[in-house]
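Asker: got a predicted model here, sequence first, then my questions.
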Amino acid sequence: MPHYEFRLPDIGEGLAEAEVAKWLVSVGDRVAEDQAVVEMMTDKASVELPAPGAGVVVEQRAAEGDVVKTGAVLYVIDTDAQVGVAQAAHETSGAKSPATVGTAPPEAGGVLAPPAVRKLARELGVDLGQVKGTGPGGRISAEDVQGHVAGAARPRAVAAEPGGNRLRLRGVQKRMAETMTLSARTIPHVTGFHELDAAEFSQLVTKLRQAAQARGKRFPFDTLLVRAAALALRRHPIFNASLDEERGEIVMHDDVNVGVATATGDGLIVPVVKKADKLSLDDLALEVERVTAAARAGKSALTDLQGGTFTISNTGAWRGGLGTSLIRPAELAIVGFGQIEDRAVVREGRVVARPVMPMSVTFDHRLIDGEQGLKFGLTLRGLIEDPSQLAK
């Protein structure tokens with residue numbers, strides 16, 4: 001049988017490396033064409049890679065937990081038929097090409113750091129040549145860069161307390177830690193707080209859910225929040241923009257792509273609803289359900305985690321109250337919604353009980369001023385308190 005090497009393809013937009021999360025087959029196992037062979041973890045999601053053809057796995061070039069560079073050999077397979085180059089495998093000449101495993105190779109200047117860390121260093125104005133890497137082979141981590149900025153040495157590892165345990169920071173959790181640290185360090189956050197009368201909004205959600213159930217469909221609560229955000233972004237386009245610091249330019253995005261912060265067992269993931277302002281309400285509900293369900297199951301496509309221009313965070317789903325959120329570095333704002341609860345409010349001189357939903361609007365004060373932030377919040381408030389426009 002032909003002897004082929006399967007190399008790690010670019011499973012993202014310019015992905016440089018990925019971690020072997022789990023081997024789904026063992027050496028000696030026979031696999032069918034398109035059968036999942038290995039699960040790879042990027043800094044955005046886990047992806048299962050299929051076999052390019054039927055055959056027997058004769059070698060695995062990386063162990064679980066190893067970091068493999070794009071283009072490096074993952075495994076070798078004896079195939080039953082010719083496999084095309086387009087399927088990310090090619091015939092070997094008999095000699096084994098060693099896979100680059102465990103760390104990315106140094107780039108220009110001899111600095112060993114993955115792309116995400118290089119991006120972080122650029123955004124913080126750090127010369128990686130001046131940073132001491134603490135990883136394998138001197139590899140520089142995000143923590144090394146952040147420690148350099150703080151002017152403090154990286155703390156020494158200490159022995160675990162009796163009965164304690166150490167868990168490796170990896171995958172989604174690692175990416176979340178790096179992203180939130182970058183956000184807190186580089187973006188001047190300002191937050192405005194609002195309390196919304198959610199009586200009509202709650203009634204509309206109930207009505208739409210019942211109608212969807214009658215058709216055998218689901219209507220996620222977040223659907224109307226995404227719709228409200230999308231309409232408000234069209235009226236306040238600066239909130240649907242981003243800052244290109246290298247070029248000194250504000251990027252005004254044509255598409256309204258709303259991220260929905262989603263809690264998963266691996267950490268916080270933000271799948272993106274693309275062109276949210278152009279979807280019908282039924283299509284929007286289907287898309288919100290699709291991307292959030294995939295995120296919770298750990299099966300998000302990379303394209304569903306890219307291209308966001310604005311984010312909503314609904315902590316009310318977990319009975320959360322009022323709070324602030326951190327802005328994703330590629331965006332300029334985020335809105336948070338809390339749990340709807342009955343509260344005593346004054347209406348026409350009388351104290352009455354009304355369902356109230358807390359809302360926080362957090363924005364990047366480098367490009368958005370207080371007046372703009374207030375007006376955006378008031379637009380959102382108007383759309384939610386009088387939700388007739390959301391159902392169209």
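Answerer: Sure, I can see it.
Asker: wait, a strand at residue 307?
Answerer: No. The assignment for residue 307, made by DSSP: H, G, I helix; E, B strand; the rest coil, is coil rather than a strand.
Asker: could I get the pLDDT score of it?
Answerer: Looking at residue 307, its pLDDT stands at 92.
Asker: ok, now residue 163?
Answerer: pLDDT, read off for residue 163, is 65.
Asker: ditto for the one 4 residues further on
Answerer: Per-residue confidence (pLDDT) for residue 167: 80.
Asker: that one: neighbour count?
Answerer: 6 (other CB atoms under 10 Å). All C-beta spots, glycine's among them, are computed from the backbone N, C-alpha and C.
Asker: for residue 132, same thing?
Answerer: 11.
Asker: where does the stretch 201-350 of the chain dip in pLDDT?
Answerer: Confidence mapping of the stretch 201-350 of the chain against pLDDT under 70 gives the ranges 320.
Asker: all helices of it, in order?
Answerer: 222-235, 281-296 (DSSP state H, counting those that start in this stretch).
Asker: just say which of those is most tucked in.
Answerer: helix 222-235 (a mean of 23; mean count of other CB atoms under 10 Å).
Asker: just the residues contacting that one, thanks.
Answerer: 201, 204-205, 208, 239-240, 256, 258, 260, 273, 276-277, 281, 284-285, 288, 292, 309-310, 312, 314, 317, 335, 337, 376, 379-380, 383-384, 387, 389-390 (CB atoms under 8 Å, 6 or more residues apart in numbering).
Asker: again, only this time at 6 Å
Answerer: 239-240, 256, 258, 260, 273, 276-277, 284-285, 288, 310, 312, 314, 379-380, 383-384, 390 (CB atoms under 6 Å, 6 or more residues apart in numbering).
Asker: still on that earlier bit, so which of the helices of the stretch 201-350 of the chain is nearest residue 4?
Answerer: helix 281-296 (30.8 Å; CB to CB).
Asker: which strands or helices does the helix or strand where residue 192 lies pack on?
Answerer: Using DSSP states H and E, the element containing residue 192 is strand 189-197. Judged by 3 or more CB pairs under 6 Å, 6 or more residues apart in numbering; DSSP states H and E, strand 189-197 is in contact with strand 350-364, helix 370-385.
Asker: list the buried residues for that strand?
Answerer: 189-192, 194, 196-197 (16 or more other CB atoms under 10 Å).
Asker: re the thing from before, could the helices and strands packed on strand 189-197 go into CSV alongside distance to residue 296?
Answerer: Converted to CSV, the helices and strands packed on strand 189-197 look like this (distance: least, CB to CB, whole Å):
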stretch, distance to residue 296
strand 350-364, 23
helix 370-385, 25
